[in-house]
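In: only geometry, no sequence info:
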Ligand code: PGA
């Protein structure tokens with residue numbers, strides 16, 4: 001059966017020293033704690049190797065927040081999936097709405113990134129979600145379905161089975177405006193149905209679908225109680241260990 005996962009997305013926060021302190025604090029808090037989900041932290045690239053070496057890998061997985069759409073070569077400033085893998089990271093967040101909106105990441109680029117991540121044995125945490133205008137126009141199901149189809153539907157069922165999805169309505173990210181528990185469940189069930197139609201029930205049932213967007217200690221329990229919500233991708237609240245731990249404890 002699918003895993004429950006609480007994944008932090010630190011975004012562009014924390015110097016190396018601050019990030020190391022945050023990771024060490026989380027590691028300490030999880031030591032000996034009974035945890036009912038997988039825990040992942042998505043750090044900036046420069047933190048990956050140090051954080052991966054410092055945390056207990058049996059308790060905390062490490063994720064990059066992006067990787068290049070090229071394998072290697074003359075792409076100044078880029079970081080390849082192979083480089084991410086070599087740090088000890090096991091995951092890579094791909095298709096975050098901030099990358100789509102501010103860095104022009106198209107469905108085609110993301111498709112290539114997913115393929116390179118899988119080739120390098122990284123687990124993609126693939127983000128999808130509509131903007132407010134699309135929800136208001138009642139196009140949210142269509143938009144999310146298109147995002148999944150355009151970047152992931154050329155994968156084999158076997159490869160798709162290695163992907164984690166994160167539904168993040170853009171209007172809920174960093175705004176304090178969470179999707180209601182019912183809105184989250186409705187979309188997650190729709191996503192799972194979309195996967196059933198393409199990859200079959202077994203693959204769909206085994207796919208973890210995380211919710212992201214202003215998830216916090218006060219709303220995590222209700223969100224995670226939904227049958228199709230398999231955890232969270234946590235931005236702001238992942239920067240404070242007490243909040244992140246409280247969200248982990250929602251399982
Ligand atoms: P937030 O971010 O929890 O700060 O809303 C979530 C995300 O962007 O992954």
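Out: Great, that's in hand. All values derive from a computational prediction rather than experimental measurement.
In: Quick one: distance of stretch 160-172 to the chain centre.
Out: For stretch 160-172, the distance between its averaged C-alpha position and the chain's averaged C-alpha position is 6 Å (C-alpha atoms, centre = their mean, to the nearest Å).
In: Report the buried residues of it.
Out: 160, 163-172 (16 or more other C-beta atoms under 10 Å). Where you see a C-beta, it was placed from the backbone N, CA and C, and this is true even at glycine.
In: gap between the two ends of that stretch?
Out: Across stretch 160-172, the terminal residues are separated by 26 Å (C-alpha to C-alpha, to the nearest Å).
In: before we move on, what about stretch 123-136?
Out: End-to-end span of stretch 123-136 (C-alpha to C-alpha): 33 Å.
In: What residues does the stretch 101-250 of the chain have near the ligand?
Out: For the stretch 101-250 of the chain, the residues in contact with the ligand (C-beta under 6 Å from any ligand atom) are 168, 173-174, 212-215, 233-237.
In: In this structure, where is pLDDT below threshold?
Out: Scanning the chain for pLDDT under 70 picks out nothing.
In: For the spatially most central residue of it, which residues are in contact?
Out: The centre of the chain sits closest to residue 125, judged by C-alpha atoms, centre = their mean, with a distance of 3.9 Å. By C-beta atoms under 8 Å, 6 or more residues apart in numbering, the contact set of residue 125 is 7, 40, 42, 63, 91-94, 164-166, 210, 233.
In: can you pull up the bridge partners for it?
Out: Going by DSSP bridges, residue 125 is paired in beta bridges with residue 93, residue 164.
In: Excluding chain neighbours, what is closest to residue 48?
Out: With C-beta to C-beta, 6 or more residues apart in numbering as the measure, residue 87 is the residue that lies nearest to residue 48, at 3.9 Å, once sequence neighbours are left out.
In: can you give me the strands in the stretch 101-250 of the chain?
Out: Counting by DSSP state E, counting those that start in this stretch, residue ranges of the strands within the stretch 101-250 of the chain are 123-128, 164-167, 209-212, 231-234.
In: Would you mind finding the most buried of those?
Out: For the strands of the stretch 101-250 of the chain, the stretch with the most neighbours on average is strand 231-234, a mean of 30; neighbours defined as mean count of other C-beta atoms under 10 Å.
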